[in-house]
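Engineer: Need coordinates for the following:
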Amino acid sequence: MKSLTITTGDHPSPGPRYDERVVAPMREELVRVGFVETRTAAEVDVQLKDLTGTALVVVNSVCGCAAGKARPAVVLALREAAVRPDRLLTVFAGNDVDATARAREYFPGYGPSSPQMGLLKDGRLVLMLERRDIEGREAPEIAADLTAAFDEWCGAKWWKASE
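Structural biologist: Now for the predicted structure:
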C-alpha cells in the first residue's frame, strides 16, 4: 500500500477543469462585446490594481445560469446602457484558476460564486451580483440591475450606434 504524502508551500495550480474547445464559445460571448479576457493573476492586476474609473468584472462559468441568464444579461445591459463601465474584464471559473482567485480578491466580503459580477469604481466594489442574485431571474431583470448600477456609478456617456 502506498502512503499519502502531504506537501505544503507553493505548488502549481491545478490545470483547467473543462476542455477549452467547450469553453471557447462561452469565453467569446463576452469578448465579442468588448470584454478583456484575463487568464492569469498578473493580467487581472494590470486591469484592476490602482483602478481609476469603473470596471465590470464577470466571473464566467459553464453552468446553465451563466449561459441562460448571466451572459445574456451582460450583453443586453451593455447594448441598452446609456453609460457603461470604463473597463470590462472577465475570468473563467474552473479554467483560469489563478486569474479567478485574483479577481475575487477585489470582491471583499464575498465568497466564491460562479457566475459572479462585480462593478468597481476607483478600486472599490459598488455592486455585486452572485449566483443567488442571478439564478431564478430572467436576463432582462438582471440587465436592469446592471444598467441601474451603470447609471449610478459610471460617468462617461456611451454613444450607441443608433444615436
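
Engineer: which residue packs closest to the spatially most central residue of the chain, ignoring adjacent ones?
Structural biologist: Nearest residue to the geometric centre of the chain (CA atoms, centre = their mean): V58, 1.1 Å. Nearest non-adjacent residue to V58, counting by CB to CB, 6 or more residues apart in numbering: T90, 4.6 Å away. The way it works is simple: take the backbone N, C-alpha and C, and place the C-beta from them, glycine included.

Engineer: Over to A149?
Structural biologist: L127 (4.3 Å).

Engineer: and the one you found, what is it in contact with?
Structural biologist: 117-119, 145-146, 149, 153 (CB atoms under 8 Å, 6 or more residues apart in numbering).

Engineer: Check the gap between it and S61 for me.
Structural biologist: Distance from L127 to S61, counting by CB to CB, to the nearest Å: 18 Å.

Engineer: swap in A143?
Structural biologist: 18 Å.

Engineer: Counting neighbours, go ahead and name the busier of the two.
Structural biologist: S61 (25 against 21; other CB atoms under 10 Å).

Engineer: Which pLDDT value does the model give the nearest residue to R87 once chain neighbours are set aside?
Structural biologist: What sits nearest to R87 in space, not counting adjacent residues and going by CB to CB, 6+ apart, is A55, at 3.9 Å. Predicted confidence (pLDDT) at A55: the value is 98.
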